[in-house]
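A.B. asks: Please work out how this folds:
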Amino acid sequence: MAAPKRIPETAAEGRSPPVPAGEKETTVVETTEPVIPADYRDISVKDLLDAGLHFGHQTKRWNPKMKPYIFGKRNGIHIIDLEKSLAMLQEALVFLRGLSASGKSVLFVGTKKQAQEIIKQCAQACGQFYVNGRWLGGTLTNLSTIRRNVARMRALEEQEKKDNFAGVPKQEASRARRELEQLRRNLVGIADMSTLPGALFVVDVAREAIAVAEANRLGIPVVAIVDTNCDPDLVTYPIPGNDDSLRAIRVVAGAVAAVVKKAVGDYARPAAEEAEAKPSAETVEQSHPGPAAPKSKTLSAEDRRILALSGTKAASLVAEEVDGSGADAAPAKEVKPRHPRKGTRKETQKPE
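C.D. replies: Modelled structure (predicted):
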């Protein structure tokens, strides 16, 4: 039986709080903010507070391992210590900057409705991979099967582009279109991921438990927003905060995308300069070739034996000339004719 779907409890979790009797309900329209902040280094506790990152879950639904990151309680809801959240966010950003600067990729994971669009925008903005639909079991631990599914998706896309499945019956064409739609929904964000990522950025550790478990099994570091109902021990770099608020997810994911984008640019610049310098060095080497190596004039063992058996002076001179040793070369040993072994019969001439 499927687990009941969680209903947001506070305004910071995506739903407006109940309106007291006698007051008029007001509609709050959330403003559109840039995915990547202008300067991620200027993020302060006030920014996290305005984003609602400090709101946790109900006190009865907490995980005791989150106690060091909880500031207190208010109206039955845990309040997260934002000073610790900011320090741990900065630590995670430093790690991701070094990882991306070394040329490794980051996989963004967020399949809940609040995070789907933000995860997609942030990953595309910094040129990384993402999963915002359904996490397929074995995405990391069984990457070869995922690559075969990607190849199948490419084949269906090529057929659709060529003749829109005109060469197959209608029923098969309809089935192929549904399969292609499903493959795109699940694999479009990781279609070009041929190797394992260097790290995972996860929104809601409890919901993405399979992804976190696969990363831990393979030793892949995990950076995640950890709410008060999650286990921080499963995450390499936990960021305590509200993982249900749109603004909170946008602030943290935007900072991660900004760091990764800048680090990727710093890594790509020297690589491009090295690629430009390599052809020029090859051109100089081709225009000024070095001296050719002298050819060897040595004889094989079989040639020496044949020359020695000839016993002529001309053959010795030829051998000396080919060896290039001149008078200093050791004379070839004269091979005496073989005598018949003892016990062999000798032919005698009969007198006429």
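A.B. asks: Pull stretch 88-102 out as PDB, backbone CA atoms only.
C.D. replies: In PDB, the C-alpha atoms belonging to stretch 88-102 read as follows (Å, rounded to 0.1, in the frame of the first residue of the first chain):
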ATOM      1  CA  MET A  88      27.400  24.300   6.400                       C
ATOM      2  CA  LEU A  89      26.200  25.800   3.100                       C
ATOM      3  CA  GLN A  90      29.500  27.600   2.700                       C
ATOM      4  CA  GLU A  91      31.400  24.400   3.500                       C
ATOM      5  CA  ALA A  92      29.400  22.500   0.800                       C
ATOM      6  CA  LEU A  93      30.000  25.300  -1.700                       C
ATOM      7  CA  VAL A  94      33.800  25.100  -1.100                       C
ATOM      8  CA  PHE A  95      33.700  21.300  -1.800                       C
ATOM      9  CA  LEU A  96      31.600  21.700  -4.900                       C
ATOM     10  CA  ARG A  97      33.900  24.400  -6.300                       C
ATOM     11  CA  GLY A  98      37.000  22.200  -5.900                       C
ATOM     12  CA  LEU A  99      35.100  19.200  -7.400                       C
ATOM     13  CA  SER A 100      34.000  21.100 -10.500                       C
ATOM     14  CA  ALA A 101      37.300  22.800 -10.900                       C
ATOM     15  CA  SER A 102      38.900  19.300 -11.200                       C
END
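A.B. asks: what comes into contact with it?
C.D. replies: 40, 43, 106, 198-199, 201, 221, 223, 237-240, 252, 255-256, 259-260, 262-264, 266-267 (Cβ atoms under 8 Å, 6 or more residues apart in numbering). In this view, the C-beta of every residue, glycine as well, is placed from N, C-alpha and C.
A.B. asks: For ChimeraX, write the selection for the buried entries among those.
C.D. replies: In ChimeraX syntax, the buried subset of the contacts of stretch 88-102 is picked out as below (16 or more other Cβ atoms under 10 Å):
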select :40,43,106,198,199,201,221,223,237,238,239,240,252,255,256,259,260,262,263,264
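A.B. asks: Which ones among the contacts of stretch 88-102 map onto helices?
C.D. replies: Residues of these located in helices (DSSP state H): 252, 255-256, 259-260, 262-264, 266-267.
A.B. asks: Now render those as a markdown table, adding pLDDT and distance to residue 62.
C.D. replies: As requested, the ones in helices among the contacts of stretch 88-102 are exported to a markdown table (pLDDT from 0 to 100; distance: Cβ to Cβ, whole Å):
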| residue | pLDDT | distance to residue 62 |
| --- | --- | --- |
| 252 | 95 | 20 |
| 255 | 94 | 26 |
| 256 | 95 | 25 |
| 259 | 94 | 30 |
| 260 | 94 | 31 |
| 262 | 91 | 36 |
| 263 | 92 | 35 |
| 264 | 90 | 37 |
| 266 | 83 | 40 |
| 267 | 76 | 40 |
